[in-house]
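Q: Only the shape, not the letters, is given here:
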């Protein structure tokens with residue numbers, strides 16, 4: 001399956017910058033960088049679960065955001081979301 005890994009690590013502190021480097025290294029080991037914080041990976045189920053565990057061990061959920069998109073050939077896609085993320089509700093009315 002194709003897995004898209006997206007992350008946003010809080011880099012305001014030295015610890016955050018270190019977390020960012022570690023997350024990038026984990027992703028570089030299994031996938032291809034397509035943007036600064038976005039990777040595409042071809043993985044099977046076991047590899048996906050191992051990658052997710054490794055990334056969750058590196059991020060700080062109260063400050064960082066990690067999104068994993070699993071895109072199966074016939075099933076569409078599924079999103080596993082971890083950490084702080086404030087999504088916009090695109091179905092609600094737009095207020096200007």
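A: Looks like it arrived, so ask away. Because the structure is predicted, anything quoted here is derived from the model rather than measured. Numbering: from 1, shown residues only.
Q: For this protein, just list every one of the strands.
A: Using DSSP state E, the strands of the chain run over 2-8, 32-35, 38-42, 65-72, 76-83.
Q: so what pLDDT did the closest residue to residue 38 other than its chain neighbours get?
A: Excluding its sequence neighbours, the residue lying closest to residue 38 (CB to CB, 6 or more residues apart in numbering) is residue 6, at 5.0 Å. In short, each C-beta sits where N, CA and C put it, glycine included. As predicted, residue 6 sits at a pLDDT of 96.
Q: Pull the number of nearby residues for residue 6.
A: Number of residues near residue 6 (other CB atoms under 10 Å) recorded here: 17.
Q: Equivalent analysis for residue 1, please.
A: By other CB under 10 Å, 17 other residues sit near residue 1.
Q: and if you look at residue 55?
A: Using other CB under 10 Å, residue 55 has 20 other residues around it.
Q: Okay, now the unreliable bits of the protein?
A: The chain contains residues with pLDDT under 70 at 74-79, 85-92, 94-96.
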